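**Q** Only the shape, not the letters, is given here:
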């Protein structure tokens with residue numbers, strides 16, 4: 001069950017996330033760079049370099065998404 005939480009979750013960029021509704025999309029979730037951790041940035045850089053250099057199309061990196069979140073003070077802020 002997904003719940004609203006202000007705590008960061010545990011992420012491992014090398015683990016694949018596959019959704020039953022669309023198994024053709026394989027996601028990898030990093031811990032993110034917002035934490036300011038040099039280690040996380042280095043892990044992300046190594047992952048991108050490894051995937052970009054793969055000779056196997058199924059192991060290649062096809063898309064990088066970036067989520068930028070802003071603080072929301074109330075439900076009405078979402079609609080302004």
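**A** Sure thing, it's come through. All figures in this text were calculated on a predicted structure; none of them were measured in a lab. Residues are numbered from 1 along each chain as shown.
**Q** What strand or helix carries residue 49?
**A** helix 38-52 (DSSP states H and E).
**Q** Please identify the buried residues of that helix?
**A** Residues 40, 43-44, 51 are the ones in helix 38-52 that count as buried (16 or more other C-beta atoms under 10 Å). C-beta here means a position set from N, CA and C on the backbone, and glycine is covered the same way.
**Q** Residue 16 reaches residue 29, doesn't it?
**A** No - between residue 16 and residue 29 there is no contact under C-beta atoms under 8 Å: 9.8 Å.
**Q** just to revisit the earlier point, confidence-wise, which of the buried residues of helix 38-52 comes last?
**A** In terms of pLDDT, residue 40 ranks lowest among the buried residues of helix 38-52, with 81.
**Q** Nearest residue to that one in space, please, no chain neighbours.
**A** In this structure, residue 40 finds its nearest non-sequential neighbour in residue 31, 4.9 Å apart by C-beta to C-beta, 6 or more residues apart in numbering.
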